[in-house]
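> just need the structure, nothing else, for what follows:
(one chain, ligands or ions: 1)
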Amino acid sequence: MLSALIFTALAANIVHAKSDNFSAQQLSQVESIKKEALESDLAWSLVESLTTEVGPRMPGTPSDKAAVAWAVAKFKTMGFDKVWTEPATFPKWIRYSESAAIVSPSPQKLHITALGNSISTPKAGIQAEVIEFETLAELENAPENAAKGKIVFINYRMNRDRDGNGYGPAVQARRSGAVVSAQKGAVGYVMRSVSTAHHRFAHTGGSHYKDGVTKIVTSAISNADADQLHRLIALGKPVSININVQAKSMGEGTSYNVIGEFTGSELPNEHVLIGGHLDSWDLGTGALDDGAGVALTMAAAKLARSKGQTKRSIRVVLFAAEEFGLWGAKAYVKANEKRLNNIVAAAESDFGAGRIWAFESNVHANSLPVVRDIASMMKSLNVEYIGKNAAGGGPDLIPFRPFKIPAFGLEQDGTDYFDYHHTADDTLDKIDPANLRQNVATYAVFAYMAANAKTRIIGKNLLTK
Ligand SMILES: [Zn+2]
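Next up, the predicted model:
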């Protein structure tokens, strides 16, 4: 025990010798915060409570309202100095039911989900022959009326990767597949889920319609069902399926960003911004997406504050209605536009609960020495520093990008994230408590150090090159 303490003190001094940004005492506090975080089950108890006592949190539903009340109450119990909400509006949509089946030539059930925003079919569903395309681009390049009277099936399979790079190419077919299908004369749209899974759950997610283009039902089937449908079509006989979706657009809905802040001692207006999104899809309980991000950033802020007030404030923002199109984040930027320059560092956790393997920044070059100091204190957590200085910061930070605030990526291992993402299988048991603690420790180091650095971190918007 004693030797561990001496080692910690030595490690802190080594870093301090190279740093003008942090005192030896601050660096030893970072070591102590890390240690406490790696033994803390605070984040676990938060995500357990959210996913059990509230459950799924579709924007605009009574459960979403309950989640907002849950977050306000938790922030207060955890001792955050300021707790408030800010409204966000969005187009509200709810799902009632969905089912599908191959009707001929080999009748059997398909595991399907409606995509967010889908219209309903008639009560008996729609039935038509299926026409398969490998990619959205192939459909786009097909002749006019290529899919006339048919149900389009896009059979693109996303690839598995630690950083989730397969998601971008796959998600286009989810967002725009129904629009392009309708333009080619289709009466319905079904896609292979945006998924790396072997299970038989279908993955939902946001989709959109375009003014002037006929709205057709938009849906996704599991990987196993997509394989089956593909095999049948490849046999050469016409394949007909039935899709039945009952869902409804409900006009404008309202929810709330929930914000908790630990006030800084010297520069209270300047703040670190961390968080996740409070809403989720309705199929699972939104444990990975994004109960984990909510819980681990709340817990990290609490741990970063555990050594006393930080110099700058630490703000946790739980964004509303992310899944329907970043509506909470857009509202936050609009409401706080004049104060965004007060953000000294921002990072959103919205990629599950896998351990953090990399740390990267997107800041003004003058701030890179502070960034490197922060990175050096993450090394013992097995987090590597990526020096490209081009971090994105998380989905809800996309609306912040035009303002070039200092954004950071605390990159999680997402190798299996898209096995569960947006499915009924996104439940608490998929979170590894040890990985969750490592996330909390990394975020706590980040929040504490960015809040306490001698000189503030600045974004690429400030100063000229
Ligand atoms: Zn998410």
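> low-confidence ranges in the stretch 1-150 of the chain?
Scanning the stretch 1-150 of the chain for pLDDT under 70 picks out the ranges 1-18.
> so which residues of it form helices?
Using DSSP state H, counting those that start in this stretch, the helices assigned to the stretch 1-150 of the chain run over residues 2-17, 24-37, 42-49, 62-77, 136-140.
> for the residue most central in space within the chain, which residues are in contact?
In the chain, the centroid-proximal residue (C-alpha atoms, centre = their mean) is residue 350; its distance is 2.9 Å. If you count contacts by C-beta atoms under 8 Å, 6 or more residues apart in numbering, residue 350 has them with 276-277, 289-290, 293, 322, 394-396. For glycine as for every other residue, the C-beta is placed from the backbone atoms N, C-alpha and C.
> what of residue 180?
Contact analysis of residue 180 by C-beta under 8 Å, 6+ apart lists 136, 139-140.
> which one of these is nearest the ion?
Using C-beta to the ion, residue 136 is the member of the contacts of residue 180 that sits closest to the ion, with 22.1 Å.
> number of nearby residues for the closest one?
Applying other C-beta atoms under 10 Å, we find 23 other residues in the vicinity of residue 136.
> nearest spatial neighbour of it, skipping sequence neighbours?
Nearest residue to residue 136 in three dimensions, chain neighbours excluded: residue 173, at 4.3 Å (C-beta to C-beta, 6 or more residues apart in numbering).
> so what's the residue count around that neighbour?
27.
> with distance to residue 187 as added columns, please give the helices of the stretch 1-150 of the chain in a markdown table.
What follows is these, written out as a markdown table (distance: least, C-beta to C-beta, whole Å):
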| stretch | distance to residue 187 |
| --- | --- |
| helix 2-17 | 64 |
| helix 24-37 | 54 |
| helix 42-49 | 42 |
| helix 62-77 | 33 |
| helix 136-140 | 15 |
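> using PDB, list the CA coordinates for stretch 259-278.
The C-alpha coordinates for stretch 259-278 follow below in PDB (Å, rounded to 0.1, in the frame of the first residue of the first chain):
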ATOM      1  CA  ILE A 259     -28.200  20.100 -16.900                       C
ATOM      2  CA  GLY A 260     -26.200  19.800 -13.700                       C
ATOM      3  CA  GLU A 261     -23.300  21.900 -12.800                       C
ATOM      4  CA  PHE A 262     -20.600  22.000 -10.100                       C
ATOM      5  CA  THR A 263     -19.600  25.600  -9.900                       C
ATOM      6  CA  GLY A 264     -16.000  26.600 -10.300                       C
ATOM      7  CA  SER A 265     -14.200  28.600  -7.500                       C
ATOM      8  CA  GLU A 266     -12.200  31.100  -9.600                       C
ATOM      9  CA  LEU A 267     -13.800  31.200 -13.100                       C
ATOM     10  CA  PRO A 268     -17.300  29.900 -12.600                       C
ATOM     11  CA  ASN A 269     -18.500  31.000 -16.100                       C
ATOM     12  CA  GLU A 270     -15.800  28.900 -17.800                       C
ATOM     13  CA  HIS A 271     -16.800  25.300 -17.900                       C
ATOM     14  CA  VAL A 272     -16.000  21.800 -19.000                       C
ATOM     15  CA  LEU A 273     -19.000  20.200 -20.800                       C
ATOM     16  CA  ILE A 274     -19.500  16.500 -20.700                       C
ATOM     17  CA  GLY A 275     -22.700  14.400 -21.100                       C
ATOM     18  CA  GLY A 276     -24.800  12.000 -23.100                       C
ATOM     19  CA  HIS A 277     -28.300  11.800 -24.300                       C
ATOM     20  CA  LEU A 278     -31.200  11.000 -22.000                       C
END
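> the stretch 301-450 of the chain against the ion: which residues are in contact?
For the stretch 301-450 of the chain, the residues in contact with the ion (C-beta under 5 Å from the ion) are residue 350.
> where exactly do the strands run in the stretch 301-450 of the chain?
312-319, 343-348, 356-362, 384-386, 407-412 (DSSP state E, counting those that start in this stretch).
> adding mean pLDDT and mean neighbour count as columns, could you present the ones you listed in CSV?
Converted to CSV, the strands of the stretch 301-450 of the chain look like this (pLDDT from 0 to 100; neighbours: other C-beta atoms under 10 Å):
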stretch, mean pLDDT, mean neighbour count
strand 312-319, 98, 28
strand 343-348, 98, 28
strand 356-362, 98, 23
strand 384-386, 98, 15
strand 407-412, 98, 26
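> what's the closest of those strands to residue 226?
Residue 226 lies closest, by C-beta to C-beta, to one member of the strands of the stretch 301-450 of the chain: strand 407-412, at 27.0 Å.
> thanks a lot, see you next time.
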